[in-house]
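> Everything below, folded, please.
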Amino acid sequence: MSEEDKSSKTEEPTEKKLRDARKKGDVPQSRETGTAMVVFSLLMVLVFVLPSSIGQIVDALQRPLTTAGFTAIGTGSTGVVEAGQVLKGLGFTLGLAMLPVVGIMVLAALFGVLIQGETVVSAERIKPKPSKLNPLSGFKRLFSAEAFVEFGKNTAKVLIIGFLTVWVVRDIAQSLGQTQAFVPETLLPEALDKVRWIFLVTTVILVPIAIADIIWKRAQWKKKQMMSLKEIRDEHKDSEGDPQIKGRRAELRRARARQRIAQAIPNASVILTNPTHYAVALKYEQGVDDVPVCVAKGADVMAHRIRELAKEHDIPMIENRPLARALHAAVEVDERIPMEHWQAVAEIIGFVMDLRRNVRRKPPAGSSVRED
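Numbering: from 1, shown residues only. As a prediction, the model looks like this:
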């Protein structure tokens, strides 16, 4: 990515960008946390588990040797079975003794994963990608800021732990050489004490490194997810739809609505108006329809179009503001009018039929004939 592209990424990542990254398994991960948890778990084993279980382990390993002269193992298949029983007993004893060790290691690993935040299992991470085989990309990663940070951390850890180990081994050798009453039995306790000390100091060093690495990884991941204004606009288009396409779809819907109205109005019996905001076209054919049906309706511009078509086809227009507003809200196109409006609509339909028969009378109460 060029410097210009990087400088344009000034916007905070959207939730969709972060969600897509998690789906691909792209989450901040700290290797130092895993290393620190391994050393810490080994320290817990040396301090709390090994002193109590070392005796069981030694006894389990000594027992086959001390009882070798008294254990009879035959030949053939019988010997195989008897040898298997001896090994089974040895494995069971060692398994019980090592169970706390395994438990501590597993708990430490889980804790190391949890403190880093969310964990994602994604098949996307294991898919082969041609970009990873590109020598140029590998060269850039080798000399990136992240690579230098990793190199610095690893070098510091090797130097510190190596220095501690050399110093402790030298101290043990000097102390043993200066001890007049040295016996081999004292070597193991002395070495265990020094090993515990090494792991304690190493844990104290690695924990701050792991915390700093978590903060660094999160900052780098957040920086990687930053977006440019163009990416935000493109994402908005993808999620909400291109405004031009949305406008085109709306125009198509209006065109279809105008077409339906143009086909329906010539068959209407009467147009109820509000007088300008709403228009509802009703159809009633005596002997065919038992209840008037709404064949078209509209507000504002569509209402104006309905009135124009009604005028072109000589469809009577009756102004009844409350009834037009109520029908526009209550009934959909191709639906029968609700029962509560039957009486009012029946009076208007009867008045329209009288007009067609040249019977002149006053319109129903609250209604008037529109001439425009």
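> count of neighbours near residue 334?
Residue 334 has 12 neighbouring residues, counting by other C-beta atoms under 10 Å. Backbone N, C-alpha and C define where each C-beta goes, glycine included.
> What residues sit buried inside stretch 306-319?
Within stretch 306-319, the residues that qualify as buried are 306, 307, 309, 310, 315, 316, 317, 318, 319, counting by 16 or more other C-beta atoms under 10 Å.
> For the protein, just list every one of the helices.
Along the chain, counting by DSSP state H, helices occupy 3-8, 15-23, 31-44, 50-66, 76-114, 135-142, 145-178, 187-225, 229-240, 243-264, 301-312, 321-330, 342-356.
> quick check: mean pLDDT across the fourth one?
For helix 50-66, mean pLDDT rounds to 70.
> pLDDT for the buried residues of stretch 306-319 - can I get that in CSV?
Below are the buried residues of stretch 306-319 laid out as CSV (pLDDT from 0 to 100):
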residue, pLDDT
306, 91
307, 91
309, 92
310, 91
315, 91
316, 91
317, 92
318, 91
319, 92
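> Closest to residue 359 out of those residues?
Within these, proximity to residue 359 (C-beta to C-beta) peaks at residue 316, which comes in at 13.3 Å.
> how close does the closest one get to residue 297?
Look at residue 316 and residue 297: by C-beta to C-beta, to the nearest Å, they are 16 Å apart.
> and what of residue 47?
From residue 47 across to residue 297, the span is 82 Å (C-beta to C-beta).
> Residue 95 too?
80 Å.
> Between the two, point out the one with more neighbours.
Relative neighbour count places residue 297 above the other of residue 95 and residue 297, with 24 against 11, counting by other C-beta under 10 Å.
> show me what contacts the residue lying closest to that one once chain neighbours are set aside?
Sequence neighbours aside, residue 280 is the residue nearest to residue 297 in space, at 4.6 Å (criterion: C-beta to C-beta, 6 or more residues apart in numbering). Neighbouring residues of residue 280 by C-beta atoms under 8 Å, 6 or more residues apart in numbering: 271, 272, 273, 294, 296, 297, 324, 327, 328, 331.
> who wins for neighbours among those residues?
residue 272 (29 neighbours).
> Bridged to that residue, which residues?
residue 280, residue 318 (DSSP bridges).
> Give me the pLDDT value at it.
93.
> That one is in contact with residue 325, isn't it?
No. Residue 272 is not in contact with residue 325 according to C-beta atoms under 8 Å; the separation is 9.3 Å.
> Let me see the domain layout of the protein.
The chain resolves into domains spanning 20-122+129-226, 246-370 when parsed by automatic domain parsing.
> So which of the ones you listed is the most surrounded?
Highest mean neighbour count among those (mean count of other C-beta atoms under 10 Å): domain 246-370, with a mean of 16.
> what about that one, start to end distance?
37 Å (C-alpha to C-alpha, to the nearest Å).
> got it, and stretch 335-351?
Note: stretch 335-351 ends 22 Å apart using C-alpha to C-alpha.
> For residue 283, see how far away residue 352 is.
For residue 352 relative to residue 283 (C-beta to C-beta), the value is 11 Å.
> Mind listing the shared neighbours of those two?
Joint contacts of residue 352 and residue 283 (C-beta under 8 Å, 6+ apart) are residue 269.
> Show the contacting residues for residue 56.
93, 96, 97.
> swap the cut-off to 10 Å and go again
Residues near residue 56 by C-beta atoms under 10 Å, 6 or more residues apart in numbering: 93, 94, 96, 97, 98.
> got it, and residue 344?
Per C-beta under 10 Å, 6+ apart, neighbours of residue 344: 272, 320, 322, 323, 326, 327, 337, 364, 365, 366, 367.
> from the buried residues of stretch 306-319, which is closest to residue 102?
Taking these together and measuring to residue 102 by C-beta to C-beta, the closest member is residue 306, at 80.3 Å.
> Tell me, what's the model's pLDDT at the closest residue to the closest one other than its chain neighbours?
Nearest residue to residue 306, sequence neighbours excluded (C-beta to C-beta, 6+ apart): residue 279, at 4.1 Å. Listed pLDDT for residue 279 reads 93.
> Residue 264 now?
We have a pLDDT of 91 for residue 264.
> Also residue 128?
60.
> Ramachandran coordinates for the nearest residue to residue 353 once chain neighbours are set aside?
Leaving out its chain neighbours, the residue that sits closest to residue 353 by C-beta to C-beta, 6+ apart is residue 286, at 7.5 Å. Per-residue torsions, residue 286: phi -60, psi 130 (degrees, to the nearest 10).
> again with residue 9
Torsion angles, degrees, to the nearest 10, at residue 9: phi -90, psi 80.
> Test my guess that it contacts residue 223.
Yes. Residue 9 is within contact range of residue 223, at 8.3 Å (criterion: C-beta atoms under 10 Å).
> Need the pLDDT of the residue nearest to residue 353.
pLDDT, residue 286: 83.
> Kindly report the same for residue 90.
For residue 90, pLDDT reads 71.
> Quick check: it vs residue 57, distance?
Distance, residue 90 to residue 57, by C-beta to C-beta: 11 Å.
> just to revisit the earlier point, among the domains of the chain, which gets the worst mean confidence?
The bottom spot among those, by mean pLDDT, belongs to domain 20-122+129-226, with a mean of 74.
> now do the same end-to-end measure for that one.
Start-to-end, domain 20-122+129-226 (C-alpha to C-alpha) is 13 Å.
> ok, now stretch 283-295?
Termini of stretch 283-295 sit 7 Å apart (C-alpha to C-alpha).
> i'd like the first residue to be 44 from this point on
All right, first residue 44 from here; so that's stretch 326-338.
> what's it in contact with?
303-304, 306-313, 315, 323-325, 339, 370-371, 373-382, 384-385, 388-389, 391-392, 395-396.
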